[in-house]
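**Student:** Okay, here's the prediction I keep looking at, along with the sequence it came from:
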Amino acid sequence: MNQKIVYIARFIPHYHVPLWKELSKKFRENDDTFYLLSVKEPPKEGRTGVDGKIIDNHYFYEKDIEQYIGSFCLYWQMGVLSILEEIKPDKIIMPGHVGNATSWRICQKYDKVLTWQCGYEYHSAKIKDFLQKKYLNSFIHHLAYHTYAKNFTMRYGIPEKNITVMHNTIDQGQLKLAPIEESREFLKNNYDISLDAKVLLYVGTILKEKKLDVLVDMIDYLDDTFTLIIVGDGPYKKELEKKESKNLVFTGNQLEDKHHFFISADIFFMPGTGGLALNEAMFYGNILFSALGDGSAEDLVIEDFNGKRIDNLDAKALAKAVKEIYENDKIKVFKENAIQLKDKFSFKEFTNTIVNTVSNI
């Protein structure tokens, strides 16, 4: 088809590296050329990005400039427009955030621009909703992360025929496996966690918006047979570490060994923002206790089948829900149900949907 297709990111998280490599490969098989743009110096704290080129046609723009007007963040991606002039793309894909001034300009200049739609905007307000409607109607098609993102987009007057649900996920083929005995021994040897402990888990960046305080406080309402493990790092970690409990373990980042934590865990928690971690936990058969997050929970968490929605639960109520799962012997059944769902949200289906949709627009 000989199309030039560009995706414009702000930075590349480590968990998206396999995605861009796979899309580059699949577009090439389609006789198209895929280009990736991201900032030259990715952030190193909070939500972080990887350094260097990850595909052949990876271009770097100069920097992001942010300007806050009250709670509204307006930002520019400096250097993007000049790179686009050099590439001369046929189609452009970019995240659908209304505060991106660069994307407003791109929509004016180019005919075929698609959004990568997450389905949420922080600090909603009437003026922002007005701008959001105008903004989203500037795109020819919307690649929705999940059903929630599709419904979000339709609220702004976008016809359903102009939206494709991708079911955003990770490359399960990149995930490590190990015998449960080996993983429990790893926890025992490195963190002195009992081999028969009931392991509760969070994996991800430690930010205030992740609402991990409720998990840390939940420990007060559970007995000593439970251990809560928080895997990851971030600016809010020091605040959480003020809580002292022998049943609470902080491990820091564990990119090489994190599979041992998933394999050992019964329940995975996502009480605040996030989404992709649910896919990873589901692959390992973890029961999912999740708030709405980025919207993925709408598709991935089926109440009383493979988990529980925990929006607005306080620490005491959350502990009660955990105990009920164990007391009613639902652990084995829920974990089996979780594994059943993983093929429905596969990486192959995810990437095929993107390539087929974009190529045929």
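**Tutor:** Now that the structure is in, tell me what you want to look at.

**Student:** I figured residue 194 was touching residue 188, is that so?
**Tutor:** Yes. At 7.1 Å, residue 194 counts as touching residue 188 under the criterion of Cβ atoms under 8 Å. For every residue, glycine as well, the C-beta is placed using N, CA and C.

**Student:** Tell me where this structure has helices.
**Tutor:** 17-29, 80-87, 101-109, 126-136, 147-154, 180-191, 213-218, 237-240, 258-264, 276-283, 297-300, 315-327, 331-341, 347-360 (DSSP state H).

**Student:** For burial, what's the neighbour tally of residue 243?
**Tutor:** By other Cβ atoms under 10 Å, 14 other residues sit near residue 243.

**Student:** so which of the helices of the chain is the most packed in?
**Tutor:** Ranked by mean neighbour count, these are led by helix 276-283 with a mean of 24 (mean count of other Cβ atoms under 10 Å).

**Student:** Show me what that helix is in contact with.
**Tutor:** By Cβ atoms under 8 Å, 6 or more residues apart in numbering, the residues outside helix 276-283 that reach it are 15, 168-170, 172, 175, 201, 203-204, 262, 265, 268, 270, 288, 290, 293, 296-297, 300-301, 306, 338-339, 341-342, 345.

**Student:** shaky segments in this structure?
**Tutor:** Residue ranges of the chain with pLDDT under 70: 1, 121-125.

**Student:** residues touching the residue lying closest to residue 339 once chain neighbours are set aside, list them.
**Tutor:** Spatial nearest neighbour of residue 339, chain neighbours left out: residue 285 (4.7 Å); criterion: Cβ to Cβ, 6 or more residues apart in numbering. When contacts are counted by Cβ under 8 Å, 6+ apart, residue 285 touches 335, 336, 338, 339.

**Student:** out of these, who's nearest residue 221?
**Tutor:** residue 335 (23.0 Å; Cβ to Cβ).

**Student:** From the centroid of the chain, which residue is nearest?
**Tutor:** Closest to where the C-alpha atoms of the chain average out (Cα atoms, centre = their mean) is residue 276, at 3.4 Å.

**Student:** just to revisit the earlier point, what's the PyMOL syntax to select whichever of the contacts of helix 276-283 are buried?
**Tutor:** Command for PyMOL that selects the buried part of the contacts of helix 276-283, burial taken from 16 or more other Cβ atoms under 10 Å:
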select buried, resi 15+168+169+170+172+201+203+204+262+265+268+270+288+290+293+296+297+300+301+306+338+341+342+345
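
**Student:** Keep only those of the contacts of helix 276-283 that are in strands.
**Tutor:** 201, 203, 268, 270, 288, 290 (DSSP state E).

**Student:** Relative to residue 168, how far out is residue 343?
**Tutor:** Note on residue 343: its distance to residue 168, by Cβ to Cβ, to the nearest Å, is 16 Å.

**Student:** Which residues does stretch 68-77 contact?
**Tutor:** 8, 10, 39, 61, 64-67, 99-102, 122-123, 125, 128.

**Student:** how about that stretch: buried residues?
**Tutor:** So stretch 68-77, judged by 16+ other Cβ under 10 Å, has buried residues 72, 75, 76, 77.

**Student:** what are the bridge partners for the second one, then?
**Tutor:** Here residue 75 shows beta-bridge partners residue 66, residue 100, assigned using DSSP bridges.

**Student:** Please tell me how far it sits from residue 221.
**Tutor:** Residue 75 is 42 Å from residue 221, by Cβ to Cβ.

**Student:** if we can go back for a sec, let me have the contacts of residue 285 in a markdown table, extended by distance to residue 322.
**Tutor:** Below are the contacts of residue 285 laid out as a markdown table (distance: Cβ to Cβ, whole Å):
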| residue | distance to residue 322 |
| --- | --- |
| 335 | 14 |
| 336 | 19 |
| 338 | 16 |
| 339 | 20 |
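
**Student:** Going by distance to residue 213, which of those residues wins?
**Tutor:** Closest approach to residue 213 among the contacts of residue 285 (Cβ to Cβ): residue 338, at 25.9 Å.

**Student:** For the closest one, list the residues it contacts.
**Tutor:** 281, 282, 285, 286, 287, 288, 306, 307.

**Student:** Between all of those, which two are separated the most?
**Tutor:** So, those by Cβ to Cβ: farthest apart are 285 and 307, at 11.4 Å.

**Student:** ok, now which ones touch the nearest residue to residue 286 once chain neighbours are set aside?
**Tutor:** Of all residues not flanking residue 286 in the chain, residue 268 sits nearest, at 3.9 Å (Cβ to Cβ, 6+ apart). Neighbour list for residue 268: 201, 202, 203, 262, 277, 278, 281, 286, 287, 288, 289 [criterion: Cβ under 8 Å, 6+ apart].

**Student:** what's the closest of these to residue 237?
**Tutor:** residue 202 (11.5 Å).

**Student:** From residue 357, how far off is that closest one?
**Tutor:** Separation of residue 202 from residue 357 (Cβ to Cβ): 33 Å.

**Student:** cool, and residue 17?
**Tutor:** Look at residue 17 and residue 357: by Cβ to Cβ, they are 22 Å apart.
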